[in-house]
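Novice: Provided below for reference: sequence and predicted model.
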Amino acid sequence: QVHLVESGGGLVQAGGSLRLSCAASGGTFSSYRMGWFRQAPGKEREFVASMRWSGGSTYYTDSVKGRFTISRDNAKNTVYLQMNSLKTEDTAVYYCAAKTTYSGTYSSALGYDYWGQGTQVTVSS
């Protein structure tokens, strides 16, 4: 049973930084794609960043490019999302997700099979 647990969310002022963590267990993660998504109140869940656990290219939505970085620590079975230069529009619940197949695109939430419970990020002005 795949289990994803996010942490690291909180309240931060605009321009500040946060690092989200996603502790993963119960799966063969070396073959998975990992993703971060977010959902603001009244809005649909949107793609933020993605990478294959085995490494390779990383992908970001345009609004976070140059500010956010996705990475992973194999020894700790943890995926991170480093968020710098935060803006008020980054306020949302952030979710970690695991995609176990190659079908579909990395940016579509529909293609991800497992999800964490989410962690709230609030950026104040």
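Specialist: Yep, that arrived.
Novice: quick one: pLDDT of the closest residue to residue 67 other than its chain neighbours?
Specialist: Spatial nearest neighbour of residue 67, excluding adjacent residues (CB to CB, 6 or more residues apart in numbering): residue 85 at 4.7 Å. The way it works is simple: take the backbone N, C-alpha and C, and place the C-beta from them, glycine included. Note for residue 85: predicted pLDDT of 98.
Novice: Is residue 85 in contact with residue 15, as I believe?
Specialist: Yes - the criterion here is CB atoms under 8 Å, and residue 85 meets it with residue 15 at 6.2 Å.
Novice: Okay, now the sheet partners of the stretch of helix or strand residue 120 belongs to, with direction.
Specialist: Element membership for residue 120 (DSSP states H and E) is strand 119-124. Strand 119-124 pairs in its sheet with strand 10-13 (parallel), strand 92-99 (antiparallel), by DSSP bridges.
Novice: Pick the most deeply packed of those strands.
Specialist: Of all the strands paired with strand 119-124, strand 92-99 carries the top mean neighbour count, a mean of 23, counting by mean count of other CB atoms under 10 Å.
Novice: Let me see the mean pLDDT of the helix or strand just after it.
Specialist: Next along the chain after strand 92-99, taking DSSP H and E as the criterion, comes strand 114-115. Strand 114-115 shows a mean pLDDT of 97 in the predicted model.
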